[in-house]
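Undergrad: sequence-free structure coming up:
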């Protein structure tokens, strides 16, 4: 079980490293979509969530 989780983590790191820019762009688009659907009511919270998710992807890609 532990080996499967370790392999999954390694695969996620590989994907983040090779496609991190696409993931980040997708997160931004999703945030904009949700912000539009909520008429900007939660803009600050959405922006914060998107920023944290983008930071996580960046950190994941930078792991060696």
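TA: In hand now; what should we look at? Predicted model only: the values in this text are computed from it and were never measured.
Undergrad: same for the helix or strand residue 9 falls within, what does it pack against?
TA: Assigned by DSSP states H and E, residue 9 belongs to helix 2-37. Other elements packing on helix 2-37 under the criterion 3 or more Cβ pairs under 8 Å, 6 or more residues apart in numbering; DSSP states H and E are helix 43-62. In this view, the C-beta of every residue, glycine as well, is placed from N, C-alpha and C.
Undergrad: and the helix it packs on, which residues are buried?
TA: 46, 50, 53-54, 57, 60-61 (16 or more other Cβ atoms under 10 Å).
Undergrad: Could you save the residues you listed as TSV and add columns showing distance to residue 22 and pLDDT?
TA: Converted to TSV, the buried residues of helix 43-62 look like this (distance: Cβ to Cβ, whole Å; pLDDT from 0 to 100):
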residue	distance to residue 22	pLDDT
46	20	97
50	15	97
53	14	97
54	12	96
57	10	95
60	14	90
61	11	90
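Undergrad: farthest-separated two in the residues you listed?
TA: Farthest apart among the buried residues of helix 43-62 by Cβ to Cβ are 46 and 61. That separation is 22.7 Å.
Undergrad: For residue 15, the count of nearby residues, please.
TA: The number of residues packed around residue 15, counting by other Cβ atoms under 10 Å, is 15.
Undergrad: Quick one: low-confidence residue ranges for the protein.
TA: Within the chain, the segments meeting pLDDT under 70 span 64.
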